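Participant: Give me coordinates for this.
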Amino acid sequence: MLMYGVGAVTCGIIAGYYKIEFSLGALYIVTAFAGLATISKNMWTVVAFLILCSLSTFGSVGACGYYINTLVRGGILSDSCHGCLNVFIPFCILAGITFMAVITSFAGLVYSCHGWFSLEARRRRTSVANRGQPVIVTTEVAMR
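Facilitator: Next up is the predicted model:
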């Protein structure tokens, strides 16, 4: 995701077209850092990664549709420089980057859902929640 964020910002700078690229690149970079933070297996980092992956997935699907629609209709080429390769090629790369980001962020979404809803995570959450309660141990001794 970090590479996708840097790639989206770079292609946006090369094309000189800043509608979606910078916000999408920033979202990818923040999602990548949240993914690195899940190494700690803290509950809130997994939740943050879950939310950011879902935002990245929906944002990538919308941006990918926008880039493909713009390339097919030729709107970007008629607006700026009538067929410049310095606009067409970065837009093709952006379409590829966002498509790969859809797949990667969806995989992160599945990973974080698995981490949040797994049986081991539930046990860990309940054991942490019950840690403040006193533990009563009863034993039975047979008298002879």
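Participant: got a list of what residue 30 touches?
Facilitator: When contacts are counted by CB atoms under 8 Å, 6 or more residues apart in numbering, residue 30 touches residue 52. Every residue, glycine included, has its C-beta placed from N, CA and C.
Participant: In the protein, where's the longest helix?
Facilitator: Across the chain, the helix with the greatest residue count (assigned by DSSP state H) is helix 85-117.
Participant: Show me what the mean pLDDT comes to for that helix.
Facilitator: Rounded to a whole number, the mean pLDDT of helix 85-117 is 79.
Participant: One more: stretch 4-18?
Facilitator: Mean predicted confidence for stretch 4-18 is 78.
Participant: What residues of it count as buried?
Facilitator: Buried residues in stretch 4-18, counting neighbours by 16 or more other CB atoms under 10 Å, are found at 4, 5, 7, 8, 9, 10, 11, 12, 14, 15, 17.
Participant: next one: stretch 43-55
Facilitator: 45, 46, 48, 49, 50, 52, 53, 54.
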